[in-house]
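> Test case, fold it:
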Amino acid sequence: MDFNAIIQGISTVGFPIAMCLILMWYINKNAEMHKTEMDKMSDALKNNTVALMQLSAKLDNIKSEEK
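Below you'll find the model as predicted:
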């Protein structure tokens, strides 16, 4: 096989393969970052829910004291 044919094959097929690998890495990295962000968002939402439940309980106590 001719050396130039091998170089031509690598330059023809190598770039798309390299770009696919880079894009796969990029997508995976973004998915991990998104999961981390959503975990933090879920924790914040749970904390807000607890705070609202406590506030609601205090408001119920105030209403029952007024009666």
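
> Quick one: list the elements packing against the helix or strand harbouring Ile17.
With elements taken from DSSP states H and E, the one containing Ile17 is helix 3-66. Packing partners of helix 3-66 (3 or more Cβ pairs under 8 Å, 6 or more residues apart in numbering; DSSP states H and E): none among the helices and strands. C-beta: built from backbone N, CA, C; applies to glycine.

> now it, how far from the centre of its chain.
For helix 3-66, the distance between its averaged C-alpha position and the chain's averaged C-alpha position is 1 Å (Cα atoms, centre = their mean, to the nearest Å).

> Could you pull up the mean pLDDT of that helix?
With pLDDT averaged residue by residue, helix 3-66 scores 91.

> measure Met19 to Tyr26 for me?
Relative to Tyr26, Met19 is positioned 10 Å away (Cβ to Cβ, to the nearest Å).

> Repeat that for Ser64.
57 Å.

> Can you give me the distance of Met19 to Ser11?
In this structure, Met19 and Ser11 are separated by 13 Å, where distance is defined by Cβ to Cβ.

> Correction: the previous question concerned Ile27.
Distance from Ile27 to Ser11, by Cβ to Cβ: 25 Å.

> Alright, calling it a day.
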